[in-house]
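> Predicted model and sequence follow; I will ask about them next.
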Amino acid sequence: AQRVTQPEKLLSVFKGAPVELKCNYSYSGSPELFWYVQYSRQRLQLLLRHISRESIKGFTADLNKGETSFHLKKPFAQEEDSAMYYCVYAGGTSYGKLTFGQGTILTVHP
Amino acid sequence: NAGVTQTPKFQVLKTGQSMTLQCAQDMNHEYMSWYRQDPGMGLRLIHYSVGAGITDQGEVPNGYNVSRSTTEDFPLRLLSAAPSQTSVYFCASSYSPTSGAGNEQFFGPGTRLTVL
């Protein structure tokens, strides 16, 4: 079945350490992939999208079609990065329906 | 703009009761959708709408009905609540249902539903 997989439910790092949240997808063709984030007591919101190739809050994510991955990376984690992160696929021909990975809870310790 | 609003924030139901979760957006978005969030499963699409008068099923539609009589509102109805419907429900909207910059989805604050 086509899906998005985030292998880590929980990820803990110390402030200043590099962090990588893994995401693998199983869709063929040219996927549209996003990272959404949910901070404590805040709404789920878009963090970044692969087509923009941008860096948001120091995070980057590169689409690797060969490995079918879209890992989220930040070289120096901050305490305010602690949140739930979702890797999300948007079906190009299915009216923008989002398929979510299981989510990774990132905790950055001081 | 209020963005996407949802009511109620919390609800407790008994098995077999029915209720409607309300969702409204004031951004003139065409696309609206409902998700449920369960531990270890991410968010799963229940129903969606690409415009007023048009709705379709998502991944987990059983036990839920929707309608879209206006662009602004997209209520979700639980016909006969079951304990398996205990979850957090999120409504989302976007300007465009298709690919590109317009498909950033904006989420409501969620409704936490418990079915006893």
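Arrived safely, thanks for sending. These numbers were taken from a predicted model, which means no experiment stands behind them.

> Return the distance of whichever residue of chain A sits closest to chain B relative to residue B:59.
When scored by C-beta to the nearest C-beta, chain A has residue A:100 as its residue closest to chain B, at 3.5 Å. In short, each C-beta sits where N, CA and C put it, glycine included. Residue A:100 is 10 Å from residue B:59, where distance means C-beta to C-beta, to the nearest Å.

> So which of those two has more stuff around it?
Applying other C-beta atoms under 10 Å in any protein chain shown to residue A:100 and residue B:59 shows that residue A:100 carries more neighbours, namely 22 against 13.

> check contacts around the nearest residue to the more buried one once chain neighbours are set aside.
The shortest distance from residue A:100 to any non-neighbouring residue, by C-beta to C-beta, 6 or more residues apart in numbering or on different chains, is to residue B:42 (3.5 Å). Contact analysis of residue B:42 by C-beta atoms under 8 Å, 6 or more residues apart in numbering or on different chains lists A:4, A:86, A:100-103.

> beta partners of the residue of chain A closest to chain B?
Here residue A:100 shows beta-bridge partners residue A:88, assigned using DSSP bridges.

> Residue numbers of chain B in contact with chain A?
B:31, B:33, B:35, B:40-45, B:48, B:50, B:56, B:58, B:90, B:92, B:94, B:96-100, B:103-110 (C-beta under 8 Å from any C-beta of the partner chain).

> hey, which helix or strand in chain A has the poorest pLDDT?
One helix or strand of chain A scores below all others by mean pLDDT, DSSP states H and E: strand A:98-100, with a mean of 86.

> counting contacts, what elements does that one pack onto?
Secondary-structure packing of strand A:98-100 (3 or more C-beta pairs under 8 Å, 6 or more residues apart in numbering or on different chains; DSSP states H and E): strand A:83-90, strand B:31-37, strand B:43-51.

> Give me the pLDDT value at the residue of chain B found nearest chain A.
Nearest to chain A in chain B, going by C-beta to the nearest C-beta, is residue B:42, at a distance of 3.5 Å. You'll see residue B:42 listed with a pLDDT of 88.

> how near is the residue lying farthest from the centre of chain A to residue A:78?
Outermost residue of chain A with respect to the C-alpha centroid, by C-alpha atoms, centre = their mean, is residue A:110; its distance is 22.4 Å. Separation of residue A:110 from residue A:78 (C-beta to C-beta) stands at 10 Å.

> can you list residues touching both of those two?
Jointly contacting residue A:110 and residue A:78 under the rule C-beta under 8 Å, 6+ apart are residue A:15.

> which residue is nearest the centroid of chain B?
Nearest to the geometric centre of chain B sits residue B:34, at 2.5 Å (C-alpha atoms, centre = their mean).

> State the number of residues packed around the nearest residue to that one once chain neighbours are set aside.
Spatial nearest neighbour of residue B:34, excluding adjacent residues (C-beta to C-beta, 6+ apart): residue B:46 at 4.4 Å. If you count neighbours by other C-beta under 10 Å, residue B:46 ends up with 23.
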